[in-house]
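Novice: Got a predicted structure here, sequence first:
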Amino acid sequence: MPDTTTPAVAAYQVVKQFHGNEILKGVDIRIRRGEVACLIGPSGSGKSTFLRCINHLEKIDGGALYVEGELMGYRQVGDKLYELKEAEIARKRAGIGMVFQRFNLFGHMTALENVIEAPQRVRKIPRAEALEQGKALLARVGLSHRFDAYPSQLSGGQQQRVAIARALAMKPTLMLFDEPTSALDPELVGEVLDVMRDLAKEGMTMVVVTHEMAFAREVGDSVAFMDNGAIIEKSSPEELFQRPQHPRTRSFLAKYL
Ligand code: ADP
Ligand code: MG
């Protein structure tokens, strides 16, 4: 039986500062395994920073953050906490897939080489096996005909699908998406959302920062509204969009109607 009781992500009063500036001011959220949690909110509210904290790209300055039941940044032995070393952090980060607004592919590598790079280097998968998995992943995102294409030969939507395949190649238990369609021409948004929709159907735990309200409504199990470094409210898409509880949520959503 998979453990469904431990949340995939649990944040308690998470604080993050940059140069004495408090950017996250006590983020509280629980995301269960298999949940598609959409995170919406104004620009500058701290959404990307929070994703980066989940992925160990930023160290938090207060509160506690658990991923898959494990305290971020520390190892607990009895009642003692030991700060994790860089190598241990890297190992944890490898279990979390992240897809950014900008596709961040390696420009000098083909689509397939991009996908097999980390499994070979980090997971030490033999090349033949990595190639087989990589081809299957590219097929899964609809790119079996573009294995040998370089990023510059692919559309933005295709590049973003390669980026998703590359993240999946590490067999993550959690996928973080930071505005994955914001840099795309409108006609290419749909093909990326389709891949994300399929992933959600397969039961992947996903945290998706997005401005695609239709996607959040349709695919999200929950939607959280973030403003000024805190989660203001989180509920089902229907609740949040039809009956937002907080005036700040209402005024934010009004801009999308
Ligand atoms: P969002 O993704 O919601 O638009 P961000 O998390 O990117 O918001 O940014 C929140 C605030 O944190 C912004 O004011 C931004 O300038 C600041 N910030 C983010 N990263 C850094 C950093 N590395 N150094 C200093 N300030 C930062
Ligand atoms: Mg952002």
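Specialist: Now that the structure is in, tell me what you want to look at. Only a predicted model underlies this, so the values are computations on that prediction, with no experimental measurement involved. Ligands and ions are numbered 1, 2, ... in the order given.

Novice: So which residues on the chain come close to ligand 1?
Specialist: For the chain, the contact set with ligand 1 under Cβ under 6 Å from any ligand atom comprises 18, 23, 41, 43, 44, 45, 46, 47, 48, 49. To be clear about C-beta, it is placed using only N, CA and C from the backbone, and glycine gets the same treatment.

Novice: Go through the residues you listed and say which is closest to residue 120.
Specialist: If you rank the residues of the chain next to ligand 1 by distance to residue 120 using Cβ to Cβ, residue 48 comes first, at 28.7 Å.

Novice: Isn't the closest one up against residue 209?
Specialist: Yes. The criterion here is Cβ atoms under 8 Å, and residue 48 meets it with residue 209 at 6.8 Å.

Novice: Now for the two: what residues contact both?
Specialist: residue 178 (Cβ atoms under 8 Å, 6 or more residues apart in numbering).

Novice: pull the helix or strand with minimum mean pLDDT from this protein.
Specialist: strand 74-77 (a mean of 83; mean pLDDT, DSSP states H and E).

Novice: what's downstream of it, the next helix or strand?
Specialist: strand 80-83 (DSSP states H and E).

Novice: Please name the strands paired to that following strand in the sheet, noting orientation.
Specialist: Strand 80-83 has its sheet partners listed here by DSSP bridges as strand 74-77 (antiparallel).

Novice: Now the partner strand: buried residues?
Specialist: Within strand 74-77, no residue is scored as buried using 16 or more other Cβ atoms under 10 Å.

Novice: Could you list the alpha-carbon positions for that strand in CSV?
Specialist: Extracted C-alpha coordinates of strand 74-77, given in CSV (Å, rounded to 0.1, in the frame of the first residue of the first chain):
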residue,chain,number,x,y,z
TYR,A,74,18.2,18.7,8.0
ARG,A,75,18.5,15.1,9.0
GLN,A,76,16.8,14.2,12.2
VAL,A,77,18.4,11.6,14.4
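
Novice: still on that earlier bit, which of the residues of the chain next to ligand 1 are buried, as a PyMOL select command?
Specialist: Command for PyMOL that selects the buried part of these, burial taken from 16+ other Cβ under 10 Å:
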select buried, resi 23+41+45+46+47+48+49
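
Novice: one step back: show me what the least confident helix or strand of the chain is in contact with.
Specialist: 81, 82, 83, 84, 88.

Novice: How many residues are close by the third one?
Specialist: Per other Cβ atoms under 10 Å, the neighbour tally for residue 83 reads 10.

Novice: Just want to check the distance between the closest residue to it other than its chain neighbours and residue 21.
Specialist: Sequence neighbours aside, residue 74 is the residue nearest to residue 83 in space, at 5.9 Å (criterion: Cβ to Cβ, 6 or more residues apart in numbering). Distance, residue 74 to residue 21, by Cβ to Cβ, to the nearest Å: 24 Å.

Novice: Check whether residue 12 really touches residue 28, as I assumed.
Specialist: Yes. Using Cβ under 8 Å, residue 12 makes contact with residue 28 at a distance of 6.2 Å.

Novice: How far off centre is stretch 163-172?
Specialist: 11 Å (Cα atoms, centre = their mean, to the nearest Å).
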